[in-house]
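>>> Following is a predicted model, sequence given first.
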Amino acid sequence: MREPVWEFLIVNYLFLGGLSAGLYFASALATWIQEDGRSAYPRIARWGALLAPWPVSLGSALLVLDLGKPMRFWKIFFHFRWRSPMSIGSWLLVAFTFLSLAYLWSWLEQDERQSLQARIPGKIRKRIPARVQRWLDLDASLWRRNLAMLGFPIAVGVGIYTGVLLGAVQARPFWNTNLVAQMFLFSALSSGTAALVVARLMDREPVELKEMRFLYSMDITLIVLELFIVLPYLIHGELSSLAVKEALAQVLGGPFTIVFWLFFMGIGLLLPLAIELYEFKPVILGKGTFHIQPRWALTAGGLVLFGGYMLRYIFVFAGQATGFR
Amino acid sequence: MERRTFMEIIGAGSLILPPLACGLRRPVAAGPTFLDGIATTCELCPNKCSVLAVVKDGHITKLNPNPDNPKSRGMLCARGNAAVQQVYDPDRLKQPLIRVGARGEGKWRPASWDEAFDYTAKKLSDIKAKHGPEGTLWSSTEGFQEIFFKNLGQAFGSPNVMRHPSLCLASVNLAYSMTYGTVPSFDLLNADYVIMAGANRFESIITPDTMDLIGGTMERKAKLIYLDPRFTVTASKADEWYPIKPGTDMAFILAMMNVIIAENRYDKAFLESETVGFEQLVEHVKPYTPEWAEGETEIPAQDIARIARAFADAAPRAVFYAGRRSSWYQNDFQMRRAQALLNAIVGNWDRQGGMVPNQKIAKGEFLVLPWDDPKAARVDEVEKAFPLASAKDGVYLPLRENLLKGQPYPVKGWMIYKQDPLHALPDQGKTMKMLDQMEFVGVIDIAMSDTAWYADVVFPESHYLERTDPIEVMPGIWPAAVYRQQVVKPIHDTKPCLEIAQGLAKRLGLSDYFDYTIEQWVEAEAKELPIQNGLEHMKQRGVVAVSQPKYGTTRNPVHRFLTKSGKIELFSDRLKEAGHDPLPVYTPPVQPSGGRFRLVLGRKATITHATLTNLPWLHEHNPENDLWIHPEPAAKLNIQSGDLLEVSSSVGQVRIKARVTQEIRPDCVFMLHGFGKKSPWLKRVHNVGAADSVLLETAWDKVSGNAAMHETFVKVVKA
Amino acid sequence: MATKSVKTAQRYAMVIDAKKCINCKACVVACKAENQVPLGVFRNWIDEETSGEYPHLRMSFDPEQCHHCADPSCVRVCPTGASWQREDGIVLVNEDDCIGCKYCIIACPYDARYHNPETHTVGKCTFCSHRVDRGELPACVETCPSKVRVFGDLNDPKSQLHQLLATRRYEVKNPQTGNGPQLYYLL
Ligand SMILES: Nc1nc2c(c(=O)[nH]1)N[C@H]1C(S)=C(S)[C@@H](COP(=O)(O)OP(=O)(O)OC[C@H]3O[C@@H](n4cnc5c(=O)[nH]c(N)nc54)[C@H](O)[C@@H]3O)O[C@H]1N2
Ligand SMILES: Nc1nc2c(c(=O)[nH]1)N[C@H]1C(S)=C(S)[C@@H](COP(=O)(O)OP(=O)(O)OC[C@H]3O[C@@H](n4cnc5c(=O)[nH]c(N)nc54)[C@H](O)[C@@H]3O)O[C@H]1N2
Ligand code: SF4
Ligand code: SF4
Ligand code: SF4
Ligand code: SF4
Ligand code: SF4
Ligand SMILES: [Mo]
């Protein structure tokens, strides 16, 4: 078996890209859901908006660094190859990054915008044309909802893309099923949600119960969906052609078995699910009162992020170890 | 130089030729051509394949095969392809070196050619003054310029000009010569039934046999029976492979003859008209039944009998192939004799698909002034101890014994050309002693070999791609004369052997014998080539191959074989007179005891002898050698693949990694040649793996004096 | 004389008679020399397989290289178009456009591509297109002692390649990849 050519830079990139997509998605949802004519979960929405652009930017930087010829990365944008997931994905990433920056801008308060502008060195600031200056001063908060709506498909696209990048490679039976794209999407959305749980709990402002209810119900749903994909992925794979079966051996009695079952399925998926369900029990059963125990919630959020990372790690490495030869 | 286009090979060519080019039955016809490459001849192993060297801006970029040569059949092996790397090897010898530290310490002083010549000539003259010219030894391995080196030794007056055959094929050559008066080739292109005993043709490449055997077995579905204690590539392609008990091949052959004679399957008419001694042979093989042979060889009796029948039935398109490196056992000559007799009784002599006497291509000769015969007898006493052996080639191991004893006289100077005795001779420790007792050692090589590392003066020869060599005739069923011409000018301060010989000759007062240039030499040779404008042709195409295979030219009543009786000698009076068995008598080989293993040797396609392991393109495929050992004994010794082992014989000890494999008999171990180098200049294999020659004990074949290199038993333990 | 027929487009391919391969590596070294392939990476190689138990053993060798697929997934996934296919079927990498993302290496089901440690771009067998365009055989084809590989034009009914495929049984490796591999292994 040959050496993997995609390594940790790509694992990180896939994870970070997905995380951003998830952050954007959760934030957009929080923006979109209205209560009394305004966003129902403004702090969640704001956190998501503030965080969303950065992981993906870091991830893209890592991707460029992983290139054999980083200085040539621009060539991707001079050839549109509609059959290449990487080509489409790169355009998506660019669109998403700009969109998420605009979205972030829309969530900044006037004073925040101004203090940001104040940091621009005077020499440069003076040269900013008036037209642009006007834009920068504009209160974009009205755009939030529109940007959120516009972002849904693109964030979902980025989330899916991280999976499609692998899933579209028919040479690697471990990846080559449409379930991988969905698995990566739900994992990405779940990571984003979990990141917001963590972020919201670290916030100075105390968490409201309804916020947690929103995040928990979303994360539980996403984890369950993810489970509903991981299990069919395994079962379907076992019932599939030899190449796929052999590929699955990577996680079923092969080098990645422990990582997969213990670190991904166990610690990264089922454990946080159990914690969240336990916490959420009163809501689900309609009995008792729902408390938040920040320690548990933080743990669950952290584990989901860890699980999301493990998923990328396992898929990137195990997938390359599979093939038809 | 011109080369055919592939359009033509796969287009029109396919109409004439059988399906795949390997099945070529005639030399490739010249067709529409285009210019490409300088014609020359590979020097990386004894095969001498024809090469077209592509040069761009004075740099050799690629070596391509030249399809004109019917011997190399349009191929270049991995080694031939890698030759470019030798030229541009940063670690190659770049100028003459004179030792300044202790021997082997590796302290060298770069010297001018004049200095190196003066120094060497002085040393040789001193030795001559003290011990006479016979106090010097001149040893070499085959090569187109070897002649100049030998001439220098002879002109110097030494009887001790020592060539490599007694480390290689002396026994097989002698056995066939004693029987047929000549050493024939085997028509593998047309044979229907081939038996090979330890002739690992698909890894030990011999042209055209390797290609013909593939064509024969794979395309014409000829049968191949292969005997070898190892499962080699040849074994894997054979129809039947028998892991014969080492050293018992003669029993197998005698039993085959037993069956063929008992069942009247021999060629009666042929035996009557062309051979002597059949009656004695009939009696001789009677006790050697297949059942008896089964006990010796561990090959089932019914298989031996079946093979014997099939072989005789397929004759004359059946051959028991002779093999080449016959430096195996102390009875090697007799074992090869038995083969020769087996071939004789089925009458495959000089028939298509059988054994065929070699044709040659005529060439001219450059006449040199004759020198006086040496006054002293050879130090190896070959005439006395091995009267049948080739005195001009000598016997290497008996020579080393005598030399170490200082008998019959001291030898204190050693000149070496294109040879690495520290690896080529068994028992490296002993060869080291032989080096130690020399007052002077001079080596002519292209690389810092281990022997060069222990020399006093190292002369860098120009690489084959940098020099023009004499024209060489390669005899065979498809004979060819080939030419090696300079492809690029020497890139370092090196000289061809002729110029090195001339430099020394001048200082030794022997210039008269070297008063010519390589161009004059080649011109004289080319004059009598059977082709118009021979030299021009050679420069253009590099090969003259004018003849077609001829079968049956010696099958006529007037033909006299070059033997004493003029016939094929099944029973040999000359052997009897010399005190040897006139018919091959079997004695069972000594078996390893006390948990020891027999160490067997063999080749790999990407290595030549003990050399080339340092070339990156080849090193990639052989980073290190290991010891093959069967799983059964390995389990007993608790050895797993990759474990470091300590392997020892009565003369030496090495450390080498284990390779536990099914591909060898449980009573043998095997390692590749060419590793465990002492010379740091061979940096990729310096102290990497182990050298088999450290372990091999001294033994030789009784009749030919050929080294017997499978007679060593080794102990294997985990290090 | 009949009128000259319209020249049909060429489609280069290779027939491999693996049973004749003796694992001598001449093809591998010839390719290295011809194409300046760096140490440690290979455009062609020999897959070895041994099986059985002493003394009933089997050993086989399979020469491998790029299959110059009819529908090459390497070309499909390449984001810059550096991987491309000629009209005659030869799949190439345009060095200047390659960004070294290695996606094509991963997407090749035949593991025929490598990352060139010297240029940091991707390399692969070119069918020696520079030689073929001069009318020569690929280096690996020409040098092989047993002439295991037969190179030629599928669309030329007179070619040895075409004739072999017409008269011998063969297989392609893993047709289920859907790539339409163009190395034909004789059975
Ligand atoms: N243990 C063991 N010993 C063996 C054998 C074995 O299989 N195992 N095989 C035996 C056989 S069959 C043979 S033929 C011998 C071969 O024995 P050698 O002839 O000693 O074989 P090589 O190892 O090829 O060493 C040849 C030397 O010539 C140098 N050389 C290569 N080309 C040139 C050139 O153009 N000019 C000059 N001047 N030097 C050159 C090389 O660098 C190398 O140092 O070994 C015999 N000894
Ligand atoms: N690639 C490559 N090709 C070469 C050379 C090279 O160095 N490299 N050298 C050339 C030269 S100079 C020579 S002499 C030839 C040598 O070519 P071959 O004559 O084919 O000799 P080896 O390759 O030494 O193979 C000897 C085989 O005999 C087996 N063997 C050992 N003991 C016994 C036994 O008792 N009975 C039987 N039946 N088999 C036994 C060993 O396992 C080994 O496989 O190769 C030539 N061709
Ligand atoms: S067999 Fe290989 S090394 Fe020997 S002469 Fe031919 S090409 Fe050169
Ligand atoms: S050159 Fe031919 S025989 Fe040798 S390894 Fe390559 S394909 Fe096999
Ligand atoms: S074998 Fe691989 S590299 Fe070659 S064309 Fe097919 S997919 Fe591309
Ligand atoms: S590594 Fe080069 S050739 Fe391969 S997909 Fe990326 S840009 Fe294309
Ligand atoms: S066709 Fe050329 S590039 Fe491809 S493997 Fe053969 S020698 Fe190498
Ligand atoms: Mo030899």
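Received it, and whenever you're ready, just let me know what you need. Ligands and ions are numbered 1, 2, ... in the order given.
>>> and for the helix or strand that contains B:Lys715, what are the contacting residues?
Assigned by DSSP states H and E, B:Lys715 belongs to strand B:713-718. Residues outside strand B:713-718 that contact it (C-beta atoms under 8 Å, 6 or more residues apart in numbering or on different chains): B:592-599, B:627, B:629, B:633, B:637-639, B:643-649, B:669, B:695. Placement of C-beta: from N, CA and C, glycine included.
>>> Apply 7 Å and report the result again.
Residues outside strand B:713-718 that contact it (C-beta atoms under 7 Å, 6 or more residues apart in numbering or on different chains): B:592, B:595-599, B:629, B:637-639, B:643, B:645-649, B:669, B:695.
>>> Filter those residues down to the ones in helices?
Judged by DSSP state H, these include B:Leu695 as members of helices.
>>> Buried among the contacts of strand B:713-718? Need that as a selection in PyMOL.
Only the buried entries of these go into this PyMOL selection, using 16 or more other C-beta atoms under 10 Å in any protein chain shown:
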select buried, chain B and resi 592+596+597+598+599+629+637+639+643+645+647+648+649+669+695
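>>> List phi and psi for B:Ser185.
phi -100, psi 170 (degrees, to the nearest 10).
>>> let me fix that: A:Arg200
Per degrees, to the nearest 10, the backbone of A:Arg200 is at phi -70, psi -30.
>>> What count of nearby residues applies to it?
25 (other C-beta atoms under 10 Å in any protein chain shown).
>>> Would you quantify the distance from it to B:Val100?
79 Å (C-beta to C-beta, to the nearest Å).
>>> Skipping adjacent residues, who's closest to the residue nearest the centre of chain B in space?
Closest to where the C-alpha atoms of chain B average out (C-alpha atoms, centre = their mean) is B:Cys168, at 5.2 Å. The shortest distance from B:Cys168 to any non-neighbouring residue, by C-beta to C-beta, 6 or more residues apart in numbering or on different chains, is to B:Arg325 (5.6 Å).
>>> So which residues of chain C form helices?
C:26-35, C:73-77, C:103-107, C:129-132, C:139-143, C:160-167.
>>> Any part of stretch C:147-162 near ligand 7?
No - interface with ligand 7: stretch C:147-162 contributes nothing (C-beta under 6 Å from any ligand atom), its closest point being 7.4 Å away.
>>> Flag every buried residue along that stretch.
Buried residues in stretch C:147-162 (16+ other C-beta under 10 Å): C:147-156, C:159-162.
>>> gap between B:His621 and B:Ile205?
B:His621 is 14 Å from B:Ile205, by C-beta to C-beta.
>>> Who has more neighbours out of those two?
B:Ile205 (27 against 18).
>>> Could you report the separation of the more buried one from ligand 8?
12 Å (C-beta to the ion, to the nearest Å).
>>> nearest residue to that residue other than its sequence neighbours?
Nearest residue to B:Ile205 in three dimensions, chain neighbours excluded: B:Cys77, at 5.6 Å (C-beta to C-beta, 6+ apart).
>>> what about that neighbour, how many neighbours?
29.
>>> Repeat that for B:Lys405.
If we define neighbours as other C-beta under 10 Å, then B:Lys405 has 9 of them.
>>> Over to B:Lys506?
Neighbour tally, B:Lys506, other C-beta under 10 Å: 13.
>>> okay, and for chain B, where does confidence drop off?
Across chain B, residues meeting the criterion (pLDDT under 70) sit at B:1-35.
>>> Where do the domain boundaries of it fall?
Domain ranges of chain B: B:3-87, B:97-165+B:362-545, B:185-356+B:552-577, B:597-718, per automatic domain parsing.
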